[in-house]
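For reference, the sequence and a predicted model appear below.
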Amino acid sequence: MPPFDSQSRQAHEARRARLATLLGKRPALIAAGLPRPRNYAANLYPYRASSHFLYLFGQPLRGAVAVYDGAAFTLYLPEPQPDQALWEGVPPSFEDVAAATGCPVRPLARLPASVRGRAVATLSAPDVETCLEQSRLLGREIRRGVIDVLDAPLADAMIELRLHHDAAAVAELRLAAEATAEAHRAGMAATRPGRTASAVRAAMESVFIARGMTCAYPSIVTPHGEVLHSERYDHELCDGDLLLADVGAETPGGWAGDVTRTWPVSGHFSSTQRELYEVVLEAQRRAIAGVTPGTRYRNVHLLAAQSLASGLVDLGILRGNPIELAADGVVALLFPHGIGHLLGLDVHDMEDLGDRAGYAPGRERAKEFGLRALRLDRDLQPGMAITIEPGIYLAPAILEDEALTRVAGDRLDRKRLAAFADVRGIRIEDDVLVTESGREVLTDAIPKSISAVEAAVAG
């Protein structure tokens, strides 16, 4: 359990008070979840409590369940196992947890009586075992990613709270951004021809370990940037390659950073790499400038797509009007994902609640290729944290698919595109906080101009 911190306790008490106001007299149950085994029962993945639980209590309490009875919260904890102190150290006492959280603490055995016969809302825990226990306790099926009518008010209340970060959350996001920045600088400095992607990954993730942090998601460190979520690290880095690194820190409190940079293994961009990199960088600059309170996030995505189209027309790769190229989905052949997503306790914040969190009421996910991958379609408001991450990818999985590329017709010049064969994928991503007057780029300290990136790699 993290050390007792009165400021942290006050922040979490304030969040619970706001949730209670939104829920009124409706009872609710929030489960922290259990560790999950990698292969056999004693070999567990590192434990992380559910993000909804962390948001309200700030403590990674294994197997804990919080119950709001319509007036106040109570924590229910499993009793320590007889040999727990031997294998894991002395667990915090109920009194320790009560002091750290400001909540009364009861044995987990008393939980069933507290919810028996009541219509209690809940949100599914991350692990199946806890979902099954929630189902047993509440007398109805609880499944991951499914929000029952009874649970909808709790889900909507959590979304309302977590969409707009309070001061304590912003401080955590800054901490994650600082560690993420150091990791990316370490990765650039560690890059040399002949090394493997795994060596660069090790240099980056060691920064987190040294800070007592972990990765917010599986790191992507690859010369094959056209594979959007590659988790292979065995590639040897060659002179002429671009290395794409999508790596972010998670603070001890569970808050995420999420940054992508793309840099030349040799320390110098080729002329073709430089040209496409500048197209992506300009799209990111324009998209970030478009982040203002009241702006619809979907329009930020379209702004980036139009900027990419304009740059690709200038290079002779695409032909036509940039606005039409973006609207028709031609740009999506080279930029197939959304411009970004919410950021918070989850790297894709609250995606366990599906489009209910990412999409404003009355808005639905598009069906068109590219735009259907947009994870967020809300009007931006102060306190929201988002990512802005345009990219260009020469992905055979798309470019060799006749059904997908039919929309381009003669507007995609494949011969001209072939001249850029030393580019597989380029993505540039930053974490952005929406402010009252515009935006703050939390990860702006990480090199991204061509000169700054080359200098960081050259050392």
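That came through fine. Residues are numbered from 1 along each chain as shown.

what's the distance between stretch 407-422 and the middle of its chain?
Put simply, stretch 407-422 sits 32 Å off its chain's centre (Cα atoms, centre = their mean, to the nearest Å).

Provide the secondary structure category for residue 234.
Assigned state for residue 234: coil (three-state reduction, DSSP: H, G, I helix; E, B strand; the rest coil).

Could you count how many residues lie near it?
Counted with other Cβ atoms under 10 Å, the neighbours of residue 234 add up to 8. Any C-beta I mention is one placed from the backbone N, CA and C, and that applies to glycine too.

my guess is it meets residue 199, correct?
No - checked against Cβ atoms under 8 Å, the pair residue 234 and residue 199 is beyond contact range at 10.7 Å.

what's residue 248 in contact with, if anything?
Neighbouring residues of residue 248 by Cβ atoms under 8 Å, 6 or more residues apart in numbering: 176, 180, 215-217, 256-259, 347.

For it, give me phi and psi.
Main-chain dihedrals, residue 248, degrees, to the nearest 10: phi -140, psi 150.

Report the buried residues of the least confident helix or strand in the chain by mean pLDDT.
Of all the helices and strands that make up the chain, helix 84-88 has the lowest average by mean pLDDT, DSSP states H and E, namely a mean of 89. Buried residues in helix 84-88, defined by neighbour count with 16 or more other Cβ atoms under 10 Å: none.

Return the alpha-carbon coordinates of stretch 319-329 using PDB.
Presented in PDB, the C-alpha positions along stretch 319-329 are these (Å, rounded to 0.1, in the frame of the first residue of the first chain):
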ATOM      1  CA  ARG A 319      -4.100  13.900 -56.300                       C
ATOM      2  CA  GLY A 320      -7.100  16.100 -55.700                       C
ATOM      3  CA  ASN A 321      -8.700  18.400 -53.200                       C
ATOM      4  CA  PRO A 322      -7.400  17.700 -49.700                       C
ATOM      5  CA  ILE A 323     -10.800  18.200 -48.100                       C
ATOM      6  CA  GLU A 324     -12.300  15.700 -50.500                       C
ATOM      7  CA  LEU A 325      -9.400  13.200 -50.100                       C
ATOM      8  CA  ALA A 326     -10.000  13.300 -46.300                       C
ATOM      9  CA  ALA A 327     -13.800  13.100 -46.600                       C
ATOM     10  CA  ASP A 328     -13.700  10.200 -49.100                       C
ATOM     11  CA  GLY A 329     -11.400   8.000 -47.100                       C
END
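
please begin residue numbering at 51 from this point
Sure thing, new numbering starts at 51, so read that last one as stretch 369-379.

residue ranges for the helices of the stretch 301-450 of the chain, please.
321-339, 347-364, 372-377, 405-408, 446-449 (DSSP state H, counting those that start in this stretch).

Alpha carbons of the first one, as CSV, please.
This means helix 321-339. C-alpha atoms of helix 321-339 as CSV (Å, rounded to 0.1, in the frame of the first residue of the first chain):
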residue,chain,number,x,y,z
SER,A,321,15.4,13.1,-47.9
THR,A,322,12.2,11.0,-48.4
GLN,A,323,12.0,10.2,-44.7
ARG,A,324,12.4,13.9,-43.9
GLU,A,325,9.6,14.9,-46.4
LEU,A,326,7.0,12.5,-45.0
TYR,A,327,8.1,13.2,-41.4
GLU,A,328,7.4,16.9,-42.0
VAL,A,329,4.0,16.1,-43.4
VAL,A,330,3.1,14.2,-40.2
LEU,A,331,4.6,16.9,-37.9
GLU,A,332,2.7,19.7,-39.6
ALA,A,333,-0.5,17.7,-39.2
GLN,A,334,0.2,17.2,-35.6
ARG,A,335,0.9,20.9,-35.1
ARG,A,336,-2.3,21.9,-36.7
ALA,A,337,-4.3,19.3,-34.8
ILE,A,338,-2.8,20.4,-31.5
ALA,A,339,-3.6,24.1,-32.4
